[in-house]
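>>> sequence first, then the predicted structure:
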Amino acid sequence: MKLYETLEKQLKKEPNYVTDNGELKKWVVINKAQNYDVELIGLLLDDNELKAKFFLDIKDVLVFNQSLFVQFLEQKNYLNDSYTSYKNKVGLNIDGKYLKQRNEVALVWPFKDCVLEGGQSREEDKREEIFFNETLAQDEITQLLEPKVFTNAKRFTTKGDKAFDKFKRDEDNFITDNLIVKGNNLLDLYSLKAQFENKIKLIYIDPPYNTGGDSFRYNDSFNHSTWLTFIKNRMEIAKSLLRPDGFVFISIDDNEHPYLRLVCDEIFGRQNFVSDIIIQSNKGGRDYLKIAKSHEYLICYQKSPDSEMNEIEKTDVTHQYRDLKGGFNLRELRNRNPKFHKGNRPNLFYPFYVNEKSKDENGFCAVSLVPKKGFEIEAVPLNSTGKESCWRWGKPKSESNSNEDLDKTEVVAKQKGDGGWNVYEKHRKTTGKVKSIWDDSAVRTEAGTKELRKLLVNPAFPFPKPVELIKRVVMIASDEGDTILDFFGGSGTTAQAVLEINQEAEEPRNFIICEQLDYVETITIERIKKVIEQNKNGEFVYLELKKYNQNFIDEIESAKDTKAVLKIWEAMKAKSFLNYNVDLQKQEQHIDEFKALTLAQQKQHLVALLDKNQLYVNLSSLNDKDFAVSAEEKKVTQDFYQLKK
């Protein structure tokens, strides 16, 4: 026993090996040992007793006995903190070993962002979670990934909400409704597979970036590997939904960018990498860093080399003109350059009228030379060398021709960052291949925030992607009639982009949005409803995965004290499906030890007791009375999966 105490005392000299409440991070130490960590070996060598125990002397050279050290740490009597002892007593181990110590382990995280702290319902609530992630052995994953039963189906239209009747389908029996699915997105994808395998033309996702400040907040030293597994699980099933000619686009920053590329190389094949698009997300840059970071990435892969990408329509704009409103006035200009006196150069100064409501996808507004609906600015033309020049048409001629669509074909205006305006001569629209750098203001982060605030009052949603960004992706990687999937739905930017593109389409594209957190009802749905109201066109069907054990997890998250936890436990005994390793009698025998645990440990333990295969009601249980599937739930589920009633 003395050796255990000596080892623990020595290891606790390294702060990274100790939890916030002073306990040793045993699995971190084991991981360090398995990688022959120099810092760990140095700590052990500093103590003569530990050096004698865990090192071999081979011809005057000390060799770290890694296997002995790891075996020593894994012994039960070393892992004897109160919660560990309690888990052993109630059966949360296999063959005397923890699940994490077994070789036949698949890293599968069934939660979107792990189990969140009680009361948390939005990603931007930056609290640390109180439960550790679970690793499920392969033989435990029996029904976890089965298709699920649907519930709470509604249809939202331009005329308001309606009760769900049936899904709209085309001549090939393919669902053509826009869909929003609430539920764990990994399980959403496996449910969608039954109807959408090889049917999706484009997948766009904006996953958590794992920056330490986003929604992916794991409390262990395996954060990076956890994130990679989290992404890998989802991309593997997502690939099966893509058509052979489909594309996937993923937004990411440089924190996980190179590693995400490796994961996608493995899943899609390195030969199917298309491009990294650089997005100027922040013009000023994050200047608190050594290098002010002002960009993110948009990674693109194709499912096969046969995938074809559309060229993008663009407007050639030349001859930039200076706006006097943005920092100059006529008197200042005359004083700086007297020869450009207004009286001497009558063609130099006259007003333009900007119609801000006409702004196109690139931020250009129509300009008129006579008063219309809009506001007045004055501009001076610059020649090819950047010096003030004169307009190539006189004011009288311009005014006489101004009703002949001058504002649509000749001149446009675009707002600058300082609030002023630049005026440009516009040439014909052309098409061309999309470039690998997107640096215009329409794709920057602040544009997405402004767009969401225009639709919803103070939505408090962090960094929504700009609609223009998603529109470009949709236009280059899909065609009319195609289906677009976003399984990190967030605030619903992808849905808005598709709906707005459909305004000018003969055959609409369809979207599928997946989101787990509760803001899907208060932000995502409300945003899409606003877009439909404004466009006076479009509709969607809302669905939820029917919860079962997940209901107990929701209650556990919200529990405020041990009394509430014990009440949940009584309900779990009566109605939940428990982990098959649990010895219910021993759980009851040792209930006093359970009460002695911290509230966080009590919550963690109850979640661990639940069978994760039964988080949601599986399709195979549709007619099982224990799950109480209602007639309405059977109706929508049978219609979705095309089951015989």
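Everything's here; your move.

>>> contacts for the longest helix seen in the chain, please.
Ranked by number of residues, the top helix in the chain under DSSP state H is helix 223-241. Contacts with helix 223-241, where a contact means Cβ atoms under 8 Å, 6 or more residues apart in numbering, come from 107-109, 133, 185-186, 189-190, 192-193, 196-200, 203, 205, 207-208, 210, 216, 218, 220, 248, 256, 259-260, 263-264, 266-268, 303, 485, 487. Placement of C-beta: from N, CA and C, glycine included.

>>> next helix or strand past that helix?
The helix or strand immediately downstream of helix 223-241 is strand 242-252, counting by DSSP states H and E.

>>> tell me how this protein divides into domains.
Domain assignment for the chain by automatic domain parsing gives 2-80, 105-141+548-641, 166-307+436-530, 313-431.

>>> what about the longest one, how long is it end to end?
The one in question is domain 166-307+436-530. 24 Å (Cα to Cα, to the nearest Å).

>>> pLDDT (mean, whole number) over it?
The predicted model gives domain 166-307+436-530 an average pLDDT of 90.

>>> swap in the first one?
Confidence over domain 2-80, taken as the mean pLDDT, stands at 82.

>>> chain center to that domain, what's the gap?
Centroid displacement of domain 2-80 relative to its chain, using Cα atoms, centre = their mean, to the nearest Å, is 39 Å.

>>> now list the buried members of the contacts of helix 223-241.
Among these, those scoring as buried are 107-109, 133, 185-186, 189-190, 192-193, 196, 199-200, 203, 205, 207-208, 210, 216, 218, 248, 256, 259-260, 263-264, 267-268, 303, 485, 487 (criterion: 16 or more other Cβ atoms under 10 Å).

>>> can you pull out the helices in the stretch 101-250 of the chain?
For the stretch 101-250 of the chain, the helices defined by DSSP state H, counting those that start in this stretch occupy 185-196, 223-241.

>>> select, out of those, the one closest to residue 73.
For residue 73, the closest of those is helix 223-241, at 19.8 Å, according to Cβ to Cβ.

>>> got the buried residues for that closest one?
Going by neighbour count (16+ other Cβ under 10 Å), the buried part of helix 223-241 is 226-231, 233-235, 237-239, 241.

>>> of all the domains of the chain, which lies closest to residue 540?
Judged by Cβ to Cβ, the one of the domains of the chain that comes nearest to residue 540 is domain 166-307+436-530, at 3.8 Å.

>>> and the next helix or strand past the helix or strand containing residue 267?
Assessed by DSSP H and E, residue 267 sits inside helix 257-268. Downstream of helix 257-268, the next assigned helix or strand under DSSP H and E is strand 273-280.

>>> what about dumping the CA coordinates of the longest helix of the chain to PDB?
Backbone C-alpha positions of helix 223-241 (Å, rounded to 0.1, in the frame of the first residue of the first chain) are rendered in PDB as follows:
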ATOM      1  CA  ASN A 223     -10.300  15.700 -26.700                       C
ATOM      2  CA  HIS A 224      -8.600  15.700 -30.100                       C
ATOM      3  CA  SER A 225      -9.100  12.000 -30.700                       C
ATOM      4  CA  THR A 226     -12.600  12.200 -29.400                       C
ATOM      5  CA  TRP A 227     -13.400  15.000 -31.900                       C
ATOM      6  CA  LEU A 228     -11.900  13.000 -34.800                       C
ATOM      7  CA  THR A 229     -13.900   9.900 -33.900                       C
ATOM      8  CA  PHE A 230     -17.000  12.000 -33.500                       C
ATOM      9  CA  ILE A 231     -16.600  13.400 -37.000                       C
ATOM     10  CA  LYS A 232     -15.500  10.000 -38.500                       C
ATOM     11  CA  ASN A 233     -18.700   8.300 -37.200                       C
ATOM     12  CA  ARG A 234     -20.900  10.800 -38.900                       C
ATOM     13  CA  MET A 235     -19.000  11.200 -42.200                       C
ATOM     14  CA  GLU A 236     -19.000   7.400 -42.800                       C
ATOM     15  CA  ILE A 237     -22.800   7.200 -42.700                       C
ATOM     16  CA  ALA A 238     -23.100  10.500 -44.500                       C
ATOM     17  CA  LYS A 239     -21.100   9.200 -47.400                       C
ATOM     18  CA  SER A 240     -23.600   6.400 -47.900                       C
ATOM     19  CA  LEU A 241     -26.400   9.000 -48.300                       C
END
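
>>> all set now, cheers.
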